[in-house]
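Engineer: Turn this into a structure:
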Amino acid sequence: MPIMTGAEYINSLRGRNLKVYLFGEIVKDPVEHPIIRPSINAVAETYDLAVREEELATAKSSLTGQKINRFLHIVQSPEDLVNQNKMQRKLGQNTGTCFQRCVGMDALNSLYSVTYEIDEKHKTSYHKRLIDFIKMVQTENLVIGGAMTDPKGDRSKAPHEQEDPDMYLRVVERNDKGIVIKGAKAHQTGCINSHWIIVMPTMRLQENDKDYAIVGAVKADAPGITYIYGRQSCDTRSMEEGDLDSGNAKFSGQEAMIIFDNVFIPWEYVFMNGEFEFASMLIERFTCYHRRSYVCKTGLGDVLIGAAAAIADYNGIPTVSHIKDKLVEMTHLNESIYAAGIASSYQAHKTKSGVW
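Structural biologist: Residues are numbered from 1 along each chain as shown. Alright, predicted model coming up:
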């Protein structure tokens, strides 16, 4: 049965074999950890919104014909992109934080066109593999994380020139069943709260970097994966007693470093394997989607503006000129960001694969 509600999503995270470190100690139950749970609640809201507001947060899949969560939809028009933006702003308003699903959404859409063009040049079968994967995650309604940023090491050198070859994620073995990857991804949003993680290259690559030109999907609890949990501002407040000055008590963002220690990926989940010349295309297209996705922060901006206005009211100064001036400037900046994202979505162009 597919996951439908936020509560069902939270239950789907229980009992997994995740290796998570926080404060230098292993976390036995990430779902119930007071620092981690608010970030899980934020992702759960992406499910509950789809139940409450279907028109906003669901779409008809072009692959299966079924109603799916909009975060898993392969966009078919500029209107689809605009609707993503509207959903993102609403979720920002509802949670006041990062809800952690935009990277996965943008990865699926950018890969849809890039795998098509890799196959066109190299006669590979990555696009069909990706479609099969997308159908599966749409049917089961899963959370997809995207992992792009490598630790990088010496940034003046290419991946193959690094003193430590694991500063960029790479393939260390290929066999008849799949590939084995090793390295790390840094600052990965919502990775512990994802069901699957898609790894991608982080920069333009040379022919000598072919082992670093890898895209694949791996389960979040696959053997060999370790998570080093990152910190959020004031995150330990959730561990303290009382409700005074608790900040955003229910929701929070999440990021972690992911260590891949000889992690196996079956061929069916490999979507790029050495086609180094397409790394820059993938990064460019992902970036185009993802910069536009930052309209989610206008929802957070709405929360901050509302809080600032409420504070002014509490202090009896809502009509003071310099206070009004600052609130107007905040609103102007927030709406400018949103307008830029919406304009970008409306001016999208169609790729060879049919995705916009």
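
Engineer: Wasn't Phe271 part of a strand?
Structural biologist: Yes. Counting by DSSP: H, G, I helix; E, B strand; the rest coil, Phe271 falls inside a strand.

Engineer: Contacts for the one helix or strand Met87 maps to, please.
Structural biologist: Met87 is located in helix 78-95, with elements delineated by DSSP states H and E. The contact list for helix 78-95, computed with CB atoms under 8 Å, 6 or more residues apart in numbering, reads 41-42, 45-46, 49, 53, 56-57, 59, 70, 73, 75, 99, 102, 105, 251, 292-293, 295-303, 338, 341-342, 344-348, 356. Any C-beta I mention is one placed from the backbone N, CA and C, and that applies to glycine too.

Engineer: What's the local residue count around Trp7?
Structural biologist: Trp isn't right for residue 7; it's Ala. Using other CB atoms under 10 Å as the criterion, Ala7 is surrounded by 12 other residues.

Engineer: for it, what are its contacts?
Structural biologist: Ala44.

Engineer: how much space between it and Ile179?
Structural biologist: Distance, Ala7 to Ile179, by CB to CB, to the nearest Å: 36 Å.

Engineer: residue boundaries of the helices in the stretch 1-150 of the chain?
Structural biologist: Taking DSSP state H, counting those that start in this stretch as the test, the helices found in the stretch 1-150 of the chain are 6-12, 37-52, 54-57, 78-95, 102-122, 126-140.

Engineer: Leaving out sequence neighbours, find the closest residue to the residue nearest to the spatial centre of the chain.
Structural biologist: Residue closest to the mean C-alpha point of the chain, counted by CA atoms, centre = their mean, is Val103 at 2.6 Å. Of all residues not flanking Val103 in the chain, Gly146 sits nearest, at 3.7 Å (CB to CB, 6 or more residues apart in numbering).

Engineer: burial measure for that neighbour, as a count.
Structural biologist: So Gly146, with other CB under 10 Å, has 28 neighbours.

Engineer: Let me see the contact set for it.
Structural biologist: Gly146 neighbours (CB under 8 Å, 6+ apart): Val103, Gly104, Asp106, Ala107, Thr189, Ile197, Ile198, Met200, Phe286.

Engineer: Now do the contacts for the fourth one.
Structural biologist: Ala107 is in contact with Ile144, Gly146, Met148, Ile198, Met200, Phe286, counting by CB under 8 Å, 6+ apart.

Engineer: For the residue nearest to the first one when sequence neighbours are not counted, give me the pLDDT.
Structural biologist: Okay, so that is Ile144. Distance criterion CB to CB, 6+ apart; nearest residue to Ile144, sequence neighbours excluded, is Gly104 at 3.3 Å. Gly104 is assigned 97 on the pLDDT scale.
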